[in-house]
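# Predicted model and sequence below, questions to follow.
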Amino acid sequence: MKKDNPNTTFEDLSTGYSGIVDYHNNLVQIRFTVAGLSIAADGFLAGAFFQTDAVVLSRIIISILGLVLTLICGMLEIRTFQLLKKLLKGGYEIEKKLGLNEEQGVFSILMQTQILPRFLNKTLKRPAKREGKFVFSHSVMFGLLYVCIFIFWLTMLIFVFLKIV
């Protein structure tokens, strides 16, 4: 990690902090937008898949499109989670430099409500204190959403090949 620049002013830190907060908020909004659009697209594909007059080839293509769409949205979720984690660390460091109390900073509050282990995170360390921690996180739920949808499309593809649907 780079050493702090002694010429950094309070205004510079404040501006950087403001930018991190804005970017964080935009990423959170993007997460929900992508999930909503993914569910809508999957609903559209499922409607086409379950039409009674749909031929086998179209059901295969629709299933593959559903799998690909879910895979892409899942990868977007993983990348967004990584960016949010970086912003959380950076924002927390700036809050410490600005002299904010643990209850004053957005990122300090977010750090206090983190859950480990996370569904999409590599680390499996448990925090020493679990007070005020939530059992479920948005990351876990988004991950489960995409996994369930992926399993659905994979199952539909298998059923088409077995000629059950």
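All right, it came through fine. Residues are numbered from 1 along each chain as shown.
# In terms of helices and strands, where is residue 68?
Taking DSSP states H and E as the criterion, the element that holds residue 68 is helix 56-98.
# what mean pLDDT does that helix have?
Averaging pLDDT along helix 56-98 yields 93.
# how distant is it from the center of its chain?
When distances are taken as C-alpha atoms, centre = their mean, to the nearest Å, helix 56-98 is centred 5 Å away from the chain's centroid.
# cool, stretch 40-59 as well?
Stretch 40-59 sits 27 Å away from the centroid of its parent chain (C-alpha atoms, centre = their mean).
# Could I have the CA atoms of the least confident helix or strand in the chain by mean pLDDT written out in CSV?
Using mean pLDDT, DSSP states H and E, helix 106-112 stands out as the lowest-scoring helix or strand of the chain, at a mean of 81. Extracted as CSV, the C-alpha positions of helix 106-112 are listed here (Å, rounded to 0.1, in the frame of the first residue of the first chain):
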residue,chain,number,x,y,z
VAL,A,106,-21.2,5.1,5.9
PHE,A,107,-18.4,2.6,5.4
SER,A,108,-17.7,2.1,9.1
ILE,A,109,-21.4,1.2,9.6
LEU,A,110,-21.2,-1.2,6.6
MET,A,111,-18.0,-2.8,8.0
GLN,A,112,-19.9,-3.4,11.3
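# Just the buried residues of the helix or strand just after it, please?
In the C-terminal direction, the helix or strand that comes right after helix 106-112 (DSSP H and E) is helix 138-161. Residues of helix 138-161 classed as buried under the neighbour-count rule (16 or more other C-beta atoms under 10 Å) are 138-140, 142-143, 145-146, 149-150, 152-153, 156-157, 160. Heads up, the C-betas are built off the backbone N, CA and C, glycines and all.
# For residue 101, state which of these is nearest.
Proximity of the buried residues of helix 138-161 to residue 101 was ranked by C-beta to C-beta; the top entry is residue 138 with 25.3 Å.
# quick one: which of the buried residues of helix 138-161 is nearest residue 92?
Closest approach between these and residue 92, by C-beta to C-beta: residue 139, at 17.4 Å.
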